[in-house]
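**Student:** with the sequence up front, the predicted model follows.
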Protein chains: 2
Amino acid sequence: MSDLLERLRGRGWRMTAQRRVVAEVLDGDHVHLTADEVHARAVERLPEISRATVYNTLGELVTLGEILEVSTDRRAKRYDPNAHRPHQHLVCAQCGAIRDVHPQGNPLADLPDTERFGFTIAAVEVTYRGTCPNCAAA
Amino acid sequence: MSDLLERLRGRGWRMTAQRRVVAEVLDGDHVHLTADEVHARAVERLPEISRATVYNTLGELVTLGEILEVSTDRRAKRYDPNAHRPHQHLVCAQCGAIRDVHPQGNPLADLPDTERFGFTIAAVEVTYRGTCPNCAAA
DNA sequence: GCTTGACTTAGACAATGTCCATTGTAGGAT
DNA sequence: ATCCTACAATGGACATTGTCTAAGTCAAGC
């Protein structure tokens, strides 16, 4: 994670306590927090941080490609720090749990030219929806 | 589309002017309207129809499996009347245009058991993102 | 043509996100 | 070490999308 702070500094980011806290909150694997969850955790460390700053910082990190925006449900966007390894998401329809997964195969190859309608395709998102073991047991 | 009205009547739906109008608005291929767009078009035909009714009716149609809810961006949900033929979506990152597409292959097969973490998988959503010919030309 | 329960309405409310004017401050310049 | 200044943070208003409720309305069966 200090890597991240170093990279950001290298890109000319002004390093503030707020940005550091947001970056720290977004550390780890299988982390998929909403903006408000990020804000809540950031407030624990830096009580006076504002919502607007969290939103701004998340937006900047997305633009820089350091984190990913994920919309697995219709509620809040979630932010995924695992931006440097391509992956897809497995979502529990009941509890909303999210796992990163790494499918084989290439969905791009499954879309023939005749189905591209002249589009230039830049990315493919795949979301697997189902029931997690916890919810299946209940 | 009158098929749809017949099916709904057969399921015990009380047939009202409002429901008929919503169903009519959602007719055709490659239709992906937001709830507010549906409301706007419904108002043209039935000026006193309320937003709540449009939301309720769309929700009921989704529950009945007659239309699909699609979240291609983080903005409003869209409603896709093409619910009876499986398909995926191709989305223009610039203008938001949406095309239904029919890829080959089976993304489910691409997820090995070791990557399922005990989940029971019910559905797979695939969204191709890129630039449409119009936006590429501009 | 009644009755009744399902349907519709308007508007308040909720959740999430954006914007803006003001205040604060990181980091280079002196 | 201190000062400057552009960039960042703040907080609160606002926007968008969606949900809920109480009261009124009406489709369809009798």
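**Tutor:** Cool, got the structure.
**Student:** please count neighbours and contacts with C-alpha atoms only from this point.
**Tutor:** Will do.
**Student:** what ranges does chain A have for its strands?
**Tutor:** Along chain A, counting by DSSP state E, strands occupy A:33-34, A:68-70, A:78-80, A:88-92, A:98-101, A:120-131.
**Student:** now render those as JSON lines, adding distance to B:S71 and mean pLDDT.
**Tutor:** Shown next, in JSON lines, are those (distance: least, Cα to Cα, whole Å; pLDDT from 0 to 100):
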{"stretch": "strand A:33-34", "distance to B:S71": "17", "mean pLDDT": "96"}
{"stretch": "strand A:68-70", "distance to B:S71": "11", "mean pLDDT": "92"}
{"stretch": "strand A:78-80", "distance to B:S71": "14", "mean pLDDT": "95"}
{"stretch": "strand A:88-92", "distance to B:S71": "15", "mean pLDDT": "93"}
{"stretch": "strand A:98-101", "distance to B:S71": "17", "mean pLDDT": "93"}
{"stretch": "strand A:120-131", "distance to B:S71": "12", "mean pLDDT": "92"}
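**Student:** redo those strands as JSON lines? Include mean neighbour count and distance to DNA strand C.
**Tutor:** Listed next are these as JSON lines, based on neighbours: other Cα atoms under 10 Å in any protein chain shown; distance: least, Cα to the nearest atom of the strand, whole Å:
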{"stretch": "strand A:33-34", "mean neighbour count": "19", "distance to DNA strand C": "6"}
{"stretch": "strand A:68-70", "mean neighbour count": "20", "distance to DNA strand C": "9"}
{"stretch": "strand A:78-80", "mean neighbour count": "21", "distance to DNA strand C": "7"}
{"stretch": "strand A:88-92", "mean neighbour count": "22", "distance to DNA strand C": "17"}
{"stretch": "strand A:98-101", "mean neighbour count": "20", "distance to DNA strand C": "16"}
{"stretch": "strand A:120-131", "mean neighbour count": "18", "distance to DNA strand C": "18"}
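**Student:** and the ones you listed as JSON lines, adding distance to A:G59?
**Tutor:** Output for the strands of chain A, formatted as JSON lines (distance: least, Cα to Cα, whole Å):
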{"stretch": "strand A:33-34", "distance to A:G59": "12"}
{"stretch": "strand A:68-70", "distance to A:G59": "9"}
{"stretch": "strand A:78-80", "distance to A:G59": "10"}
{"stretch": "strand A:88-92", "distance to A:G59": "21"}
{"stretch": "strand A:98-101", "distance to A:G59": "21"}
{"stretch": "strand A:120-131", "distance to A:G59": "19"}
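**Student:** and B:I121, which of the ones you listed is closest to it?
**Tutor:** strand A:120-131 (4.1 Å; Cα to Cα).
**Student:** output that closest one as PDB, nothing but the C-alphas.
**Tutor:** Presented in PDB, the C-alpha positions along strand A:120-131 are these (Å, rounded to 0.1, in the frame of the first residue of the first chain):
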ATOM      1  CA  THR A 120     -14.700  -0.900 -30.800                       C
ATOM      2  CA  ILE A 121     -14.700  -3.000 -27.700                       C
ATOM      3  CA  ALA A 122     -12.500  -1.900 -24.900                       C
ATOM      4  CA  ALA A 123     -13.500  -4.100 -22.000                       C
ATOM      5  CA  VAL A 124     -15.700  -6.900 -20.900                       C
ATOM      6  CA  GLU A 125     -17.400  -7.200 -17.500                       C
ATOM      7  CA  VAL A 126     -18.600 -10.500 -16.200                       C
ATOM      8  CA  THR A 127     -20.700 -10.900 -13.100                       C
ATOM      9  CA  TYR A 128     -21.600 -14.300 -11.800                       C
ATOM     10  CA  ARG A 129     -24.700 -14.200  -9.600                       C
ATOM     11  CA  GLY A 130     -25.700 -16.900  -7.200                       C
ATOM     12  CA  THR A 131     -25.900 -18.000  -3.600                       C
END
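**Student:** neighbouring contacts of that strand?
**Tutor:** A:72, A:88-94, A:107-108, B:119-133 (Cα atoms under 8 Å, 6 or more residues apart in numbering or on different chains).
**Student:** ok, the most centrally placed residue in chain A to chain B distance?
**Tutor:** The residue lying closest to the centre of chain A (Cα atoms, centre = their mean) is A:D80, at 2.1 Å. A:D80 sits 15 Å away from chain B, taking Cα to the nearest Cα, to the nearest Å as the criterion.
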